[in-house]
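Engineer: okay, sequence plus prediction incoming.
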Amino acid sequence: MFEKKESIEMANWLSREIKHLLPTFDLHAIRTVLVSFDPWRLDSRPTRDFLHIITDDDVAKHYPKMFVKPTIKSDLSEPVITVEFIDSSKAIFKASKLTTLDIFTKLKPLCLAKTPPP
């Protein structure tokens, strides 16, 4: 019981940290986000959390041109996040060994490098 409560508190803390980090992002450089995972794998949690954050109403309101497509599988495949940028380049995150914070930390410099000038 205690471990589950501690895990929930940790997830809430991480979610709050990422919500503070998100306004420093400029996701205008992203065209498409494809999120693929098997919910039965224990290491899919960070990918599901990423999907939850990226599809939040506030994010959708600020980035209406960003298309997010989740694919839920049942084949025990590794969670994968594929990000396509406006210049047609792609970044693929094999997320089985990444935390949600790792995913956002690795995505931020890619977005900054590809953001169009104002």
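Structural biologist: Yep, that arrived.
Engineer: what about the strands in the protein?
Structural biologist: Per DSSP state E, the chain carries strands over the ranges 30-37, 67-72, 80-85, 90-94.
Engineer: got TSV for those, with mean pLDDT, distance to Pro109 and mean neighbour count too?
Structural biologist: For glycine as for every other residue, the C-beta is placed from the backbone atoms N, C-alpha and C. Shown next, in TSV, are those (pLDDT from 0 to 100; distance: least, C-beta to C-beta, whole Å; neighbours: other C-beta atoms under 10 Å):
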stretch	mean pLDDT	distance to Pro109	mean neighbour count
strand 30-37	95	13	20
strand 67-72	95	20	13
strand 80-85	96	12	19
strand 90-94	94	10	14
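Engineer: export those strands as JSON lines, with columns for distance to Ala60.
Structural biologist: Conversion of those to JSON lines gives the following (distance: least, C-beta to C-beta, whole Å):
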{"stretch": "strand 30-37", "distance to Ala60": "12"}
{"stretch": "strand 67-72", "distance to Ala60": "8"}
{"stretch": "strand 80-85", "distance to Ala60": "16"}
{"stretch": "strand 90-94", "distance to Ala60": "21"}
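Engineer: what sits against the residue most central in space within the chain?
Structural biologist: Residue closest to the average C-alpha location in the chain (C-alpha atoms, centre = their mean): Phe50, at 3.2 Å. Listed by C-beta atoms under 8 Å, 6 or more residues apart in numbering, the contact partners of Phe50 are 35, 81, 95, 100, 103-104.
Engineer: could you do Lys69 as well?
Structural biologist: 32-35.
Engineer: about what we covered before: would CSV of the contacts of Phe50 with distance to Pro64 be doable?
Structural biologist: Putting those into CSV (distance: C-beta to C-beta, whole Å) gives the following:
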residue, distance to Pro64
Val35, 18
Ile81, 20
Ala95, 25
Thr100, 23
Ile103, 22
Phe104, 20
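Engineer: would you check which pair of these lies furthest apart?
Structural biologist: Farthest pair in the contacts of Phe50 (C-beta to C-beta) is Val35 and Phe104. Separation: 13.3 Å.
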